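Student: sequence-free structure coming up:
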């Protein structure tokens, strides 16, 4: 598993900087390199989470208080795509059942209290309709966001370590463009590495259906 210091060193090497030490100052600055690394990882993780959705879903369990119109979503969820919500009364051992997504315009047409059938996300809250007279356990499945890379921290935990250098390579290309330096050789390498990335995660998919994959210029 790479560290951010190792990624910064790799970026400096791609940029041809004289001193590639992670702690050395230069142009671009370490702060600028770290920003470019975060842009690169966010775009790559976004591509993977859409193209290979089954590999990047995560879930979290939320307690929905009885007789409550809305409860706060966990901090990880409000800005992420929620794909499925399962409900289960905490007073029974009944199997979890899916709740259908509800538009805000439909809320007034639903009964207020009863057995939940649907949910709506309103800002940072989730609302069940009807809302339950007993507490519920909700399992929320969502696309997990990549944790921000920080100076002196770990590399991208969401990405297979063999592809960590692709994040550094992409960051270097972005910085070279800003500096007005040539990028053709690096872009050719990124294309090859990106194809390898897609092949790797395609092989990990849970089914054998073909998937349309974006090219390196599209993510």
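Tutor: Now that the structure is in, tell me what you want to look at. No experiment lies behind these values; they were computed from the predicted model shown.
Student: which non-adjacent residue is nearest residue 163?
Tutor: The shortest distance from residue 163 to any non-neighbouring residue, by C-beta to C-beta, 6 or more residues apart in numbering, is to residue 197 (5.2 Å). Bear in mind the C-beta positions are built from the backbone N, C-alpha and C, glycine included.
Student: Residue 166 is in contact with that neighbour, correct?
Tutor: Yes. Distance between residue 197 and residue 166: 6.2 Å, which falls inside the contact criterion (C-beta atoms under 8 Å).
Student: hey, what's in contact with both of these two?
Tutor: Common neighbours of residue 197 and residue 166, using C-beta atoms under 8 Å, 6 or more residues apart in numbering, are residue 44.
Student: residue contacts, the most centrally placed residue in the chain?
Tutor: Most central in the chain under C-alpha atoms, centre = their mean is residue 145, positioned 2.7 Å from the mean C-alpha point. With contacts defined as C-beta under 8 Å, 6+ apart, the neighbours of residue 145 are 45, 76, 79-80.
Student: So for it, what's the pLDDT?
Tutor: Note on residue 145: pLDDT of 79.
Student: What is the helix ranked longest in the chain packed up against?
Tutor: Criterion DSSP state H: the longest helix present in the chain is helix 30-51. Of the remaining helices and strands, those touching helix 30-51 by 3 or more C-beta pairs under 8 Å, 6 or more residues apart in numbering; DSSP states H and E are helix 4-15, helix 53-56, helix 164-179, helix 184-203.
Student: Compute the inter-axis angle for that helix and helix 184-203.
Tutor: If you take axes from the mean of the first three to the mean of the last three C-alpha atoms, to 10 degrees, helix 30-51 sits at 40 degrees to helix 184-203.
Student: And helix 30-51, what's buried?
Tutor: Neighbour counts over helix 30-51 (16 or more other C-beta atoms under 10 Å) mark 30, 32-38, 40-49, 51 as buried.
Student: where does the residue nearest to the centre of the chain sit relative to residue 56, distance-wise?
Tutor: Taking C-beta to C-beta, to the nearest Å as the measure, residue 145 falls 10 Å from residue 56.
Student: Give me the common contacts of these two.
Tutor: With C-beta under 8 Å, 6+ apart, residue 145 and residue 56 have common neighbours residue 45.
Student: residue contacts, the closest residue to residue 36 other than its chain neighbours?
Tutor: For residue 36, ignoring the flanking residues on the chain, the nearest one in space by C-beta to C-beta, 6+ apart is residue 171 at 3.8 Å. In this structure, residue 171 makes contact with 7, 11, 33, 36-37, 39-40, judged by C-beta under 8 Å, 6+ apart.
Student: would you list these in CSV and tack on distance to residue 111?
Tutor: Converted to CSV, the contacts of residue 171 look like this (distance: C-beta to C-beta, whole Å):
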residue, distance to residue 111
7, 53
11, 56
33, 55
36, 52
37, 50
39, 46
40, 48
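Student: between the longest helix of the chain and helix 4-15, how big is the angle?
Tutor: Computed by the same axes, to 10 degrees, the angle between helix 30-51 and helix 4-15 is 100 degrees.
Student: For residue 176, give its distance to residue 96.
Tutor: Noted for residue 176: a distance of 50 Å to residue 96, by C-beta to C-beta.
Student: Which of those two has more residues huddled nearby?
Tutor: Higher neighbour count among residue 176 and residue 96: residue 176, with 20 against 14, using other C-beta atoms under 10 Å.
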